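In: model this:
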Amino acid sequence: MDLTPLLASFALFSLMEFGDKTHIAVITLSMKNRAVDVFVGALAAFAIVDGASVLLGGFIADLLPTYWINVGSGILFLVFGVLTLIGKEEEGEVVEGKKNAIISALSLVTLMELGDKTQFTSFVLAARYGSPLLVFLGIMLGSALITGSGVVIGKGLLKIVPERYMRYIAAALFILFGVVFLAGALLGIEIL
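Out: Residues are numbered from 1 along each chain as shown. Sure thing, here's the model as predicted:
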């Protein structure tokens, strides 16, 4: 069995996603939510978006123009930022409930991935190698690596920065990225 599709999709996906907006979203969500909940929600989002891309090609990206994806992403980031900022400050690792953290990660990562370069890469690799299953497995392994590293980085920040400041940092990151995505959509350029 030729494992080239699996290895190529794993390597390419991992390199493309590290430090990308999705990776940053996972880091930010991990600062105030249980790591396993963020991991499950984000991985489910990768499976949905990139799995659909592998199976259906570029249909999803054609269905939703990049402009509206960026507008939706920007608005969602702004909403998460404001909710984080005005949210009740509590001591302890978990602020949101398990269901909310999974849904937050799922919805945010899904929006981040729609029309992203990795979605198009998934389609191209599946078409190039004619092996959608191996490409999908490679992408999911890369997703697990990126999501896991994002969760570890997010939780690591909690050990360095006092928890009372994490809410403000998370809110600022959400709002910053929301503004960047909206500005990119309105200006017609891809900023991140």
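In: elements contacting the strand or helix carrying G51?
Out: Assigned by DSSP states H and E, G51 belongs to helix 35-56. When contacts are defined as 3 or more C-beta pairs under 8 Å, 6 or more residues apart in numbering; DSSP states H and E, helix 35-56 packs onto helix 21-30, helix 59-63, helix 98-113, helix 117-129, helix 132-160. In short, each C-beta sits where N, CA and C put it, glycine included.
In: one more time with 10 Å, if that's ok
Out: Applying 3 or more C-beta pairs under 10 Å, 6 or more residues apart in numbering; DSSP states H and E, one finds that helix 35-56 contacts helix 4-17, helix 21-30, helix 59-63, helix 98-113, helix 117-129, helix 132-160.
In: for that helix, the distance to its chain's centre please.
Out: Distance of helix 35-56 from the chain centroid (C-alpha atoms, centre = their mean, to the nearest Å) equals 9 Å.
In: now the angle from that helix to helix 117-129?
Out: With axes from the mean of the first three to the mean of the last three C-alpha atoms, to 10 degrees defining the directions, helix 35-56 sits at 50 degrees from helix 117-129.
In: pull out the buried positions in helix 35-56.
Out: By 16 or more other C-beta atoms under 10 Å, the buried positions in helix 35-56 come out as 35, 37-46, 48-50, 52-54.
In: check stretch 132-150 too.
Out: Going by 16+ other C-beta under 10 Å, stretch 132-150 has these buried residues: 132, 134-144, 146-147, 149-150.
In: dump the helix holding G51 to PDB, restricted to CA.
Out: Extracted as PDB, the C-alpha positions of helix 35-56 are listed here (Å, rounded to 0.1, in the frame of the first residue of the first chain):
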ATOM      1  CA  ALA A  35      -8.600  21.200  27.000                       C
ATOM      2  CA  VAL A  36     -10.400  18.000  26.000                       C
ATOM      3  CA  ASP A  37     -13.600  19.900  25.200                       C
ATOM      4  CA  VAL A  38     -11.700  22.300  22.900                       C
ATOM      5  CA  PHE A  39      -9.800  19.400  21.300                       C
ATOM      6  CA  VAL A  40     -13.000  17.400  20.600                       C
ATOM      7  CA  GLY A  41     -14.900  20.400  19.200                       C
ATOM      8  CA  ALA A  42     -12.000  21.500  17.000                       C
ATOM      9  CA  LEU A  43     -11.200  18.000  15.700                       C
ATOM     10  CA  ALA A  44     -14.900  17.500  14.900                       C
ATOM     11  CA  ALA A  45     -14.800  20.800  12.900                       C
ATOM     12  CA  PHE A  46     -11.800  19.700  10.900                       C
ATOM     13  CA  ALA A  47     -13.400  16.300  10.200                       C
ATOM     14  CA  ILE A  48     -16.600  18.000   8.900                       C
ATOM     15  CA  VAL A  49     -15.000  20.700   6.800                       C
ATOM     16  CA  ASP A  50     -12.000  18.900   5.400                       C
ATOM     17  CA  GLY A  51     -13.800  15.600   5.200                       C
ATOM     18  CA  ALA A  52     -16.500  17.300   3.100                       C
ATOM     19  CA  SER A  53     -13.800  18.900   1.000                       C
ATOM     20  CA  VAL A  54     -12.100  15.600   0.300                       C
ATOM     21  CA  LEU A  55     -15.400  14.000  -0.600                       C
ATOM     22  CA  LEU A  56     -17.100  16.900  -2.400                       C
END
